Structure formats: C-alpha cells, structure tokens
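In: I need the structure of the sequence given here:
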Amino acid sequence: MRRLIGNFGRLELVAFMSGFSLMAFELVGARMLAPTIGSSTYVWTSVIGVIIAALSIGYFVGGKLADLRGYTGDVALLCLAIAFAVGYALILFDGAMREVVLLTDDARLQGVLASLLLFAPTSLLLGILSPYLVKLKVTSLAVAGQSVAGLSAFNSVGGIAGTFVTGFIIFSYIGSREALFAIVLLMLIASWIIEPRIRWKLRAGFSLTVVVIVLLPLIQKQDYIRIDTPSANYEVKTGQLDSGITSSIRYLTTGPNSAQSGVYTQQPDQLAFWYTQEIARITGMTSSKKNILILGGGAFTMPEYLARKYPGSMIDVVEIDPSLVSIAEKYFDYTPLNNIHVIDADARAYVNTAIKQYDVVIIDVYSDSSVPFSLLTQEYGASLNAIISADSTVIINTIAAKSGPCQDILKAVDGTYRSFAPYASISQKGITPSQAASNLILAYTKHPRRFEGMEAFDSQRGFMYTDNFMPVERLQQSCAAVS
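Out: All right, here's what the predicted structure looks like:
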C-alpha cells in the first residue's frame with residue numbers, strides 16, 4: 001500500500017545520494033568522452049550545458065508529477081530508473097561514440113550529441129526526483145521553507161562530496177566505467193532505503209538484472225589498456241602509427257587525435273617518433289646542456305634518452321600527473337636515473353616560481369592535440385624568460401601549419417616565445433600540405449644561432465595573447481576544420 005513518508009532521515013539521505021550521484025556522473029561522463037572526442041573546454045561546456053538543461057526539464061516534470069501523485073513508491077521506482085539510466089549510458093557508450101564521430105568532426109557538436117544520448121536521460125530523472133522529495137518532506141506550510149532548505153542542503157552536500165570524492169579518490173583507484181557501476185549501486189541502494197517493502201520481489205529482480213547487465217561491459221576483454229588517474233584518462237595501445245614504419249609501437253594516448261609518447265616494442269631504448277628524435281638532435285647541437293628542463297613527461301621516453309646520452313646533465317621533468325611515472329615504468333620500460341628529477345606540478349605554475357637557470361628548455365605539453373592556453377600567453381613568456389640565460393635554447397613541439405587556419409596556432413606560439421628569444425628556427429617532417437596541421441619543431445634563442453637541418457623561421461607574430469584572453473579552443477577548432 002502506497003503511503004507518504006513521515007520518518008526523518010530517509011529523504012535527507014536520498015537527497016544526499018542523488019546529489020553525490022549527479023556530480024560524480026558529470027565528472028565521469030566528461031572523462032569518458034576524452035579518448036574519443038577530447039577534453040577541451042568545448043566538451044566540458046557541452047556536458048555541463050546538456051546536464052543542466054535536462055535537470056531543468058526534470059524539475060518541471062517532477063513538480064507536476066509530485067503534485068499529482070507524491071507517493072513513496074514513485075520515489076523508489078525513480079531511483080531504480082536512475083540506476084538503469086546510468087547503466088544504459090555505460091552499455092551503449094562505445095556504440096554511441098562511434099556513431100557521433102562518424103556523424104560530425106566538429107568537437108562542439110560531438111560533445112552536445114554525445115551528452116544528449118548518454119547523459120540527458122539520467123539527468124532528467126535526477127531532476128524529476130528532487131521535487132518529489134520536497135513534496136514528501138513538506139507536511140506543513142509553517143515549516144515549508146525549513147524543509148525545502150534542509151533537503152537542498154543535503155543535496156548540495158552530497159554534490160560537494162561527489163565532486164571531491166570522485167576527483168580526489170575514485171579516479172585514483174578505479175576506472176571511469178567502474179565509477180559508473182558504483183553510481184548504479186548507489187542509486188539501487190537509495191531505492192531500497194526510501195521504501196524497502198513496496199513490490200519488493202519485482203524490484204529485487206529488476207535490481208539484480210541491472211547489476212548483471214551493467215557488469216557485462218566491465219568484464220569484456222579489450223585490445224588496449226585503459227588507465228584513469230586524477231588528472232586524465234589514458235589508453236595504452238600497440239600498433240603501427242606510420243605507414244613508413246613497419247616496427248610495432250606501444251604508445252600512450254589521452255584523446256582521439258594523437259599519441260603522446262611511445263616506444264618500439266622491440267627497441268624500447270630508441271625514440272619512436274620523429275618529433276622526439278628531432279628534439280633530441282637539436283638538444284645535441286646546443287652549446288650547453290648542464291641543466292635541462294622538460295615541460296611534460298608523457299611516457300618519459302625523452303627524459304630517459306637524454307639522461308643516458310648526457311650523464312653529466314641534470315634533467316628536471318615537470319609533469320602534472322604523478323601517476324605517469326609508474327605508467328611509464330610498467331608499460332614503456334622507463335628506468336628512473338639519478339640525473340632525472342621529476343617535479344609533480346603544473347608546467348605554468350612551476351615556471352612562475354622556479355629560481356633555477358636552465359640551458360635547454362623542452363616544451364611538449366599536450367592533452368591529445370591541445371596545448372594549455374596558459375602556455376601561450378605574454379605572462380608565461382615573461383616567466384620563462386626569467387629562468388633561462390642569454391645562451392639558452394628553448395625547443396618547442398607544436399601541432400600547427402605555416403599557412404591556412406592552422407597558421408593562427410603557429411602565430412600564437414611564435415609570438416609567445418619570440419617576445420623574449422627573437423631568433424627562431426623550424427623543422428618539419430617530410431612534405432605536408434601547406435594547410436594541414438603537423439608536428440613542427442621550433443628552436444628559439446636570444447642570439448643568432450644556426451641549427452643544422454633547420455630553417456630560419458621568419459616571424460609569424462600575430463596578436464599577443466594574455467592570461468586574460470587566449471581563445472585556444474577557437475584557434476584549434478578552426479585548424480581542425482581543415483586538417
């Protein structure tokens with residue numbers, strides 16, 4: 001028999017659990033999109049925007065339903081439905097992402113479509129749940145404000161807990177898919193907390209079915225390794241990335257567009273990519289390399305290679321994700337050496353506060369094919385200038401082009417470094433269509449210097465961007481449209 005809830009505590013606990021689930025679901029959802037469509041601001045904007053829109057519709061629908069019905073059993077069924085919707089997102093994720101990528105190559109549209117397909121149903125149901133809880137909680141107009149505020153507080157506290165627990169703890173120990181499974185279990189528990197007796201046999205069977213179905217994607221064997229850390233979603237794959245190279249390469253990716261680092265499976269001590277080989281070659285031609293700074297560790301192939309080749313050099317590697325050291329050791333045969341010093345920090349934050357002077361600075365900081373906007377500004381250039389000497393060399397790996405829309409990225413890069421090191425050289429692998437983005441290696445110095453195999457690079461300086469304004473997503477989206 002359906003009845004209204006009168007016991008204090010259950011409604012507040014379910015409000016807390018729903019708030020926790022919402023924020024955890026949002027973080028996990030955006031993270032799961034990264035390997036397929038990236039993790040740019042466009043993607044985060046799509047996820048957040050769609051979830052808020054679905055919640056808003058849910059609030060409206062839930063208010064109407066709660067006024068018409070307002071039964072305890074409805075809340076229990078809603079929690080079951082939310083668990084099912086999260087499971088639906090997990091089960092259909094891979095197929096849905098394949099279709100989205102085939103439909104359009106615009107990251108903005110990809111993010112919106114993926115969020116509508118995978119995240120909107122759960123968000124809609126969570127929105128419906130909220131006014132139902134309020135309806136059941138408010139028993140008198142005399143305490144209506146206090147009742148609504150109390151539920152809202154528990155929901156908000158749950159959201160705060162979901163944000164911090166997911167970001168700081170869950171991603172450190174389990175993957176994104178396992179995190180979704182945990183959300184499924186949480187909402188199933190909420191269903192039984194709110195009403196343990198109504199239609200319990202049917203609900204028990206449904207709950208068990210949901211658990212079994214959601215477990216299937218988790219136990220299926222995959223041909224690659226997925227690793228979640230607090231900072232990123234990684235995949236370790238093995239294959240041939242270049243038609244001109246027949247050797248198999250094990251490589252690390254953080255998105256759909258590029259490999260971040262890699263090694264030959266048969267020769268792990270050799271640099272596998274042209275751009276890493278070129279950076280190492282240019283480093284060898286620098287006048288001094290006693291102190292080398294590398295921004296971006298990746299799989300630590302470059303630091304180890306340079307450390308072995310120049311044992312008298314001290315190599316500082318700034319990497320925001322401390323988990324990459326263990327990933328590199330396990331999958332990429334990385335061996336920590338005494339002349340490698342790993343600094344767990346954001347690249348820009350370290351440059352801002354460093355007091356050491358460097359002879360060579362190597363910058364290869366990418367998430368998929370995107371570089372953080374904070375490394376393309378006038379203020380960053382001034383900070384970097386403070387930690388290099390008059391004879392230092394700054395070497396940058398960038399993905400851009402010398403003409404066409406991708407030239408705007410090159411202009412932004414060039415303007416940043418030429419502001420303090422006006423002499424530039426450039427190299428590029430093979431013959432690439434003029435407007436197609438590719439790896440470009442640039443070397444900047446404060447005095448004229450010739451590097452064999454590189455061309456003098458005429459200034460491409462465009463607008464000098466600042467920390468206040470650096471539209472890196474727009475520049476990269478314009479480039480992606482022609483590449």
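
In: Report pLDDT for R250.
Out: pLDDT recorded at R250 is 90.

In: what about the residue lying closest to it once chain neighbours are set aside, helix or strand, and which?
Out: In space, and not counting its chain neighbours, R250 is closest to T238: 4.8 Å by C-beta to C-beta, 6 or more residues apart in numbering. (C-beta placed from N, C-alpha, C; glycine too.) According to DSSP states H and E, T238 maps onto strand 233-239.

In: quick one: that strand to chain centroid distance?
Out: Chain-centre distance of strand 233-239: 15 Å, with C-alpha atoms, centre = their mean, to the nearest Å.

In: Partner strands of that strand, with direction?
Out: Using DSSP bridges, the strands paired with strand 233-239 are strand 225-228 (antiparallel), strand 249-253 (antiparallel).

In: Among those, which comes closest to T335?
Out: Evaluated over the strands paired with strand 233-239, closeness to T335 peaks at strand 249-253, with 15.7 Å, by C-beta to C-beta.

In: any residues touching the helix or strand hosting S427, and which ones?
Out: Counting by DSSP H and E, the element that carries S427 is strand 423-428. Residues from elsewhere that reach strand 423-428, judged by C-beta atoms under 8 Å, 6 or more residues apart in numbering: 278, 282, 414, 417-418, 438-451, 453-457, 459.

In: and the residues you listed, which are buried?
Out: 278, 282, 414, 417-418, 438-446, 449, 451, 454, 457 (16 or more other C-beta atoms under 10 Å).

In: Mind checking which of the residues you listed land in strands?
Out: Counting by DSSP state E, the part of the buried ones among the contacts of strand 423-428 found in strands is S438, N439, L440, I441, L442, A443, Y444, T445.

In: tell me the mean pLDDT for the strand ranked longest in the chain?
Out: Using DSSP E to define each element, the chain has its longest strand at strand 388-400. Averaging pLDDT along strand 388-400 yields 94.

In: do the same with stretch 31-48
Out: Mean predicted confidence for stretch 31-48 is 83.

In: now do stretch 448-466
Out: Stretch 448-466 comes out at a mean pLDDT of 85.

In: one step back: wait, which of the ones in strands among the buried ones among the contacts of strand 423-428 is closest to L185?
Out: Distance to L185, by C-beta to C-beta, is smallest for N439 among these, at 44.2 Å.

In: Quick check: buried residues in stretch 195-203?
Out: Applying 16+ other C-beta under 10 Å to stretch 195-203 flags E195, I198, R203 as buried.

In: Check stretch 99-107 too.
Out: Those would be V100, A107, for stretch 99-107 by 16+ other C-beta under 10 Å.

In: Contacts for that stretch next, please.
Out: Here stretch 99-107 has contacts from 36-38, 40, 42-43, 109-110, 113-114, 117, 256, 477, 480-481, using C-beta under 8 Å, 6+ apart.

In: and if we set it to 6 Å?
Out: Residues outside stretch 99-107 that contact it (C-beta atoms under 6 Å, 6 or more residues apart in numbering): I37, G38, Y42, Q110, L113, A114.

In: Of the residues you listed, which pair is most distant in space?
Out: So, these by C-beta to C-beta: farthest apart are G38 and L113, at 14.1 Å.

In: between these two, who's got more neighbours?
Out: Taking other C-beta atoms under 10 Å, G38 and L113 do not tie; G38 has more neighbours (24 against 21).

In: from what I can see that one touches T253, true?
Out: No. Contact criterion C-beta atoms under 6 Å: G38 and T253 do not qualify, at 10.9 Å.

In: Could you check stretch 282-291 and say which residues are buried?
Out: Those would be I282, T283, T286, K289, N291, for stretch 282-291 by 16+ other C-beta under 10 Å.

In: May I see these arranged in a markdown table, with pLDDT as well?
Out: Listed next are the buried residues of stretch 282-291 as a markdown table, based on pLDDT from 0 to 100:
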| residue | pLDDT |
| --- | --- |
| I282 | 97 |
| T283 | 97 |
| T286 | 95 |
| K289 | 94 |
| N291 | 97 |
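
In: Show me where this structure dips below the pLDDT cut-off.
Out: 1-8, 140, 142-143, 219-223, 241-246, 257-258, 367-369, 431-435, 459-462, 481-483 (pLDDT under 70).

In: can you list the domain ranges for it.
Out: With domains defined by automatic domain parsing, the chain comprises 10-220, 253-480.

In: Turn those domains into JSON lines, columns for distance to T229.
Out: Shown next, in JSON lines, are the domains of the chain (distance: least, C-beta to C-beta, whole Å):
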{"stretch": "domain 10-220", "distance to T229": "6"}
{"stretch": "domain 253-480", "distance to T229": "4"}
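
In: Can you check which of those gets nearest to P230?
Out: Closest among those, once you apply C-beta to C-beta, is domain 10-220, at 4.8 Å.

In: and E195, backbone torsions?
Out: Dihedral pair for E195: phi -160, psi 100, per degrees, to the nearest 10.

In: Next, the closest residue in space to it that isn't next to it in sequence: phi, psi?
Out: Counting by C-beta to C-beta, 6+ apart, E195 lies nearest to A76, which is 4.1 Å off, once chain neighbours are set aside. A76 adopts backbone torsions of phi -60, psi -40, taken as degrees, to the nearest 10.
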